[in-house]
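# no sequence for this one, just the structure:
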């Protein structure tokens, strides 16, 4: 028996080939529906086994095209797929003419049972008519949208988990860094709300705050825990952490838009900061806000070389450095917002 496999996953094709050749079948393969259709028209097989999600032409469209060709329409078609959020996928596949529907991961015995059943039943009549264009497109679109939404949720969860892992790793560096990034995020988000930022911008500010010091993972612990102020040579090492942070997250596409905030959160409004000496509005907005929240938390939390100061004293210090170290408008937004209960 000649069997045509359509699947873009080489591992799945390999498993199918092993199952079928072990039972004496002659197997041909294609990595998408377009190539499989051309292969089937050139030399019609005795059976087609097709995946659902493939590039160029997916399994639903491939099945639809197979059943439209007179020379192919009587060939048994087994649809197998990891796309399964209920009965809709199977109903659509069967309405297009699939004789069997199997959900991945495939059970070899189930597959062979379906093949034997189809061979025993024979194929004496044309397959059911293809459903109307409008109905087909509507149902097909619903299936694809549901699958994409599922993948988006999985990616978002992975994305948030990765962020939590990075922040937890930084917190473990030193008792003095524990909780710092979370507090900075809380302060900055409150100030961003007071400044009237939109939700999308606030969410990116929050993420940038959580990761703003991630480069300190590459900073020596003894510098973070030193009970005295750092000397010039030691401070020069610590000043590398913004660029190290960029190196750490640069390969993660979802973090690309917060890289400027991480790199420039130690720039000063008057141009005397680091790493590049940017000034005024040339400093990314998110970085200007992080700088204020970062400094506020540094003043109001204990450090190895000094005790914390109270809120009002910290506000006075922010105002004193307004226009030199900090953006004056954002300082006022920050102070107006206060530092009370969480706002998100």
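That came through, no problem. These numbers were taken from a predicted model, which means no experiment stands behind them.
# what pLDDT does residue 220 get?
As predicted, residue 220 sits at a pLDDT of 64.
# repeat that for residue 150.
On the pLDDT scale, residue 150 gets 73.
# how about residue 120?
pLDDT for residue 120: 73.
# check residue 86 too.
On pLDDT, residue 86 comes in at 58.
# also residue 17?
Residue 17 is assigned 90 on the pLDDT scale.
# so what's the residue count around it?
16 (other Cβ atoms under 10 Å). (C-beta placed from N, C-alpha, C; glycine too.)
# my guess is it contacts residue 28, does it?
No. Under the criterion of Cβ atoms under 8 Å, residue 17 makes no contact with residue 28, lying 9.6 Å away.
# and for those two, which residues touch both?
Contact with both residue 17 and residue 28 is made by residues residue 5, according to Cβ atoms under 8 Å, 6 or more residues apart in numbering.
# from the chain's centroid, how far away is stretch 74-90?
The chain centre lies 28 Å from the centre of stretch 74-90; the measure is Cα atoms, centre = their mean, to the nearest Å.
# then stretch 64-80?
Stretch 64-80 sits 37 Å away from the centroid of its parent chain (Cα atoms, centre = their mean).
# how about residue 178: what's its closest non-neighbour residue?
Leaving aside its sequence neighbours, residue 178 sits nearest to residue 171 (Cβ to Cβ, 6 or more residues apart in numbering; 4.5 Å).
# from residue 297, how far off is that neighbour?
14 Å (Cβ to Cβ, to the nearest Å).
# looking at those two, which has the bigger crowd around it?
Taking neighbours as other Cβ under 10 Å, residue 171 and residue 297 compare with residue 297 leading, 23 against 15.
# my guess is that one meets residue 183, correct?
Yes. Look at residue 297 against residue 183 with Cβ under 8 Å: they come within range, at 4.9 Å.
# relative to residue 292, how far out is residue 202?
Distance, residue 202 to residue 292, by Cβ to Cβ: 15 Å.
# what does residue 245 give?
Residue 245 is 18 Å from residue 292, where distance means Cβ to Cβ.
# hmm, back to that, more neighbours, residue 202 and residue 292?
Neighbours were counted for residue 202 and for residue 292 using other Cβ under 10 Å; residue 292 has more, 25 against 19.
# distance of that one from residue 281?
Residue 292 is 15 Å from residue 281, where distance means Cβ to Cβ.
# would you list every one of the helices in the stretch 1-150 of the chain?
10-21, 33-42, 59-66, 88-95, 108-121, 133-171 (DSSP state H, counting those that start in this stretch).
# and those, which is most packed in?
helix 59-66 (a mean of 24; mean count of other Cβ atoms under 10 Å).
# overlap of the contact sets of residue 171 and residue 297?
Shared contacts of residue 171 and residue 297 (Cβ under 8 Å, 6+ apart): residue 180.
# count the neighbours of residue 307 for me.
Applying other Cβ under 10 Å, we find 7 residues neighbouring residue 307.
# same deal with residue 242?
Residue 242 - counted by other Cβ under 10 Å - has 25 other residues nearby.
# check residue 206 too.
Neighbour tally, residue 206, other Cβ under 10 Å: 21.
# roughly how far does it sit from residue 187?
Noted for residue 206: a distance of 11 Å to residue 187, by Cβ to Cβ.
# what does residue 302 give?
From residue 302 across to residue 187, the span is 17 Å (Cβ to Cβ).
# between those two, point out the one with more neighbours.
Remark: of residue 302 and residue 187, residue 187 carries more neighbours, 22 against 10, as counted by other Cβ under 10 Å.
# may I have the secondary structure class of that one?
Put simply, residue 187 is helix when judged by DSSP: H, G, I helix; E, B strand; the rest coil.
# dump the residue contacts of it.
By Cβ under 8 Å, 6+ apart, the residues touching residue 187 are 293, 296, 297, 334, 337, 339.
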